[in-house]
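Asks: okay, structure incoming, though there's no sequence with it:
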Ligand code: PLP
């Protein structure tokens, strides 16, 4: 007998809540049972009926060391005993100071040296855009153009949404977008008219992989190529490591794979180990000094939210960084990445699978998209496979017909094998029962 009133909670959810990126018509349909998650330990989540699942997408790509990690729990409790939150506008606090010092120390000396705190990946990107705009104004430059890559995703606040997910945000009925120039490759970047190149304030890119596009890998060297071009033209490079930061690609930061150090880096998601919201916009001293040396009030960055530099979030992030050291996380991850590759190779032969893409400890299993009798594409396959995988004890969320597998790093070898097995069984079941 569970301690939770599942039916009562589900009814109240349907009555009072609106879920993000969710069809509420489908969510509220009588045959849909909302999964109510009540507990988590390591890579396992438990629902209100007592059923257990592997957290196959790290709770929307955030959790890395597992749920209920004793060290992060202890750090949060310790901070709670002091104070939960104090203003970062006009004051400061020890966890925010120490975290900034520790983050900067992860990069080569005198490269990325300043930390600006905000709340999540989207706001971290907004901060980057505000900094870029004001930086060029302070320099008396007319540079204003932002270049973003096709199929990129940088968040859903207005500025971030202007840069990515064109299909979601830009084709819809909205005037909430500022113009950004889209390119699909280095060649297209090179082919921009000289006049446009001279106007470029910054280029933004997700390093190595476009996660929200369906774990789509960039060709090797693309990031380095963008860095070189920014060096040549004087444009700033913003690297969005919201997804890739903190080990997900096998190195602490994806940019390290190509030894490309950006002018601005955005970090969020796994920053706190996946516990509480926090983002960092990290930048170099050249940009910071431009602000610092400007006459008042142009030296002020007019941006900042109520929970900037939140002490609990910073304490959690510090504990997460320490776990990388104490548990030698990146070393252990190497063998998990190899095991994931080996296990995924078995799925390649399934007739319903068109491609498997892996980047470090994340993978996209793309299914062949069937055509419906009316000629349209059936993009519900991924969702149906994920629903079936749930019955086999795995929770994840698709991107159209790509099933994402991105578990916490602490997952055991056995659990990882079970996760892939769940996807295999789910694909086979769904493929034998077309919609
Ligand atoms: N940037 C990237 C690369 C992302 O993958 C995401 C979210 O998936 C974001 C930014 C937005 O982050 P958030 O959802 O925390 O606002």
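Replies: Arrived safely. Remember, predicted model here, so these are calculated numbers, not experimental data. Numbering: from 1, shown residues only.

Asks: point out the residues in the chain that sit beside the ligand.
Replies: Contacts of the chain with the ligand, taken as CB under 6 Å from any ligand atom, map to 120-122, 125, 153-155, 206, 211-212, 240, 242-243, 268-269. For the C-beta atoms, the positions are set from N, CA and C on the backbone; glycine is no exception.

Asks: and these, which two are the farthest apart?
Replies: The span of the residues of the chain next to the ligand, defined through CB to CB, is set by 120 and 206 at 15.7 Å.

Asks: who has more neighbours, the two?
Replies: Between residue 120 and residue 206, counted using other CB atoms under 10 Å, the more crowded position is residue 206 (27 against 21).

Asks: residue 153 is in contact with the more buried one, correct?
Replies: Yes - using CB atoms under 8 Å, residue 206 is in contact with residue 153, at 7.2 Å.

Asks: let me know whether residue 52 touches residue 43 as I believe.
Replies: No - using CB under 8 Å, residue 52 makes no contact with residue 43, being 10.3 Å away.

Asks: so these two - more neighbours on which side?
Replies: residue 43 (23 against 12).

Asks: which phi and psi values does the more buried one adopt?
Replies: Per-residue torsions, residue 43: phi -90, psi 10 (degrees, to the nearest 10).

Asks: which residues touch it?
Replies: By CB atoms under 8 Å, 6 or more residues apart in numbering, residue 43 lies in contact with 54, 55, 66, 67, 407, 408, 410, 411, 412, 415.

Asks: would you list those residues in a markdown table and tack on secondary structure?
Replies: Putting these into a markdown table (DSSP: H, G, I helix; E, B strand; the rest coil) gives the following:
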| residue | secondary structure |
| --- | --- |
| 54 | strand |
| 55 | strand |
| 66 | coil |
| 67 | strand |
| 407 | coil |
| 408 | coil |
| 410 | coil |
| 411 | coil |
| 412 | coil |
| 415 | helix |
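
Asks: now the buried members of the residues you listed.
Replies: 54, 55, 66, 67, 407, 408, 410, 411, 415 (16 or more other CB atoms under 10 Å).

Asks: can you redo those as a markdown table with distance to residue 94 and pLDDT?
Replies: Converted to a markdown table, the buried ones among the contacts of residue 43 look like this (distance: CB to CB, whole Å; pLDDT from 0 to 100):
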| residue | distance to residue 94 | pLDDT |
| --- | --- | --- |
| 54 | 37 | 98 |
| 55 | 31 | 98 |
| 66 | 26 | 98 |
| 67 | 26 | 98 |
| 407 | 33 | 98 |
| 408 | 28 | 98 |
| 410 | 28 | 98 |
| 411 | 33 | 98 |
| 415 | 37 | 98 |
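
Asks: how about the nearest residue to residue 210, chain neighbours excluded?
Replies: residue 216 (4.6 Å; CB to CB, 6 or more residues apart in numbering).

Asks: could you give the number of residues near the one you found?
Replies: Neighbour count of residue 216, defined by other CB under 10 Å: 19.

Asks: what does the model give it for pLDDT?
Replies: Confidence at residue 216, expressed as pLDDT, is 98.

Asks: and it, what does it touch?
Replies: Counted by CB under 8 Å, 6+ apart, residue 216 has contacts 151, 209, 210, 357, 364.

Asks: also residue 50?
Replies: Here residue 50 is in contact with residue 2 (CB under 8 Å, 6+ apart).
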